[in-house]
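Asker: Any chance you could fold what I've pasted below:
(chains A and B)
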Protein chains: 2
Amino acid sequence: MSYYRHHIFFCLNQRDNGQACCAQQGAQAAFDHCKAQVKAAGLAGPGGVRVNKAGCLDRCAGAPVAVVYPEGTWYTFVDTADIDEIVESHLRGGRPVERLKLAPEVGR
Amino acid sequence: MSYYRHHIFFCLNQRDNGQACCAQQGAQAAFDHCKAQVKAAGLAGPGGVRVNKAGCLDRCAGAPVAVVYPEGTWYTFVDTADIDEIVESHLRGGRPVERLKLAPEVGR
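Answerer: Numbers count the residues shown, from 1 in each chain, chains lettered A, B, ... in the order given. Okay, here's the model as predicted:
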């Protein structure tokens, strides 16, 4: 069994060379919101949910992106309502949010 | 199937309040070494291996730590020889390194 039931990593990478990056697309706000919602819902901790910052996940064409392990579900999102849905449906309920899944071919 | 066959996250968290943290324990050097070895071995990329920076993974008592997903294998390590073994045995060969596994009860 996994130490965390769901471990979500948000790419917070910042590029300064003009290329697309998650930090330009609201990733920090999404991370902060997710972290706060998971804590408020009492889901945080071992056996539960961990919300983590990460460096570049190298799927920049879908920015902003996040990945949930151990299931390996990748998401792209627009606003805090999307994050709320990921928290409620997936991180609490165990049901991935199909409409927010990153297409398999999306890479750098 | 997972976008990356093995996705390893290194905690690079830096604490300035005197508490233990991975950054004080050589985590950055381990990350840099792992990234270079994976690239040199031709393992990097979609369908292969991704080496990522992460914020605090909240298992600080075992610092420095890293986790490999989707399998959810947690490691603690001492030097670059340990990293070489993780790269060769686990990330290339698919065989986790038992002697470097973090004990299940190790938390913050």
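Asker: Which stretches in chain A count as helices?
Answerer: A:27-40, A:80-85 (DSSP state H).
Asker: So which of these is the most surrounded?
Answerer: Most buried of those by mean neighbour count (mean count of other C-beta atoms under 10 Å in any protein chain shown) is helix A:27-40; its value is a mean of 18. The way it works is simple: take the backbone N, C-alpha and C, and place the C-beta from them, glycine included.
Asker: Show me what from chain A comes close to chain B.
Answerer: A:2-3, A:7, A:9, A:46, A:50, A:52-59, A:67, A:69-72, A:74, A:104, A:107 (C-beta under 8 Å from any C-beta of the partner chain).
Asker: For the spatially closest residue to A:F77 that is not a sequence neighbour, list the residues it contacts.
Answerer: Counting by C-beta to C-beta, 6 or more residues apart in numbering or on different chains, the nearest residue to A:F77 once its immediate chain neighbours are dropped is A:L100, at 5.7 Å. In this structure, A:L100 makes contact with A:Y75, A:T76, A:F77, A:D82, A:E85, A:I86, judged by C-beta atoms under 8 Å, 6 or more residues apart in numbering or on different chains.
Asker: ok, the last one - how many residues close by?
Answerer: Using other C-beta atoms under 10 Å in any protein chain shown, A:I86 has 24 neighbouring residues.
Asker: number of nearby residues for the residue lying closest to it once chain neighbours are set aside?
Answerer: Closest residue in space to A:I86, ignoring its immediate chain neighbours: A:V97 at 5.6 Å, by C-beta to C-beta, 6+ apart. The number of residues packed around A:V97, counting by other C-beta under 10 Å, is 18.
Asker: got the contact list for the residue of chain A positioned farthest from its centre?
Answerer: Most distant from the centre of chain A: A:N17, at 23.9 Å, with distances by C-alpha atoms, centre = their mean. Contacts for A:N17 (C-beta under 8 Å, 6+ apart) come out as none.
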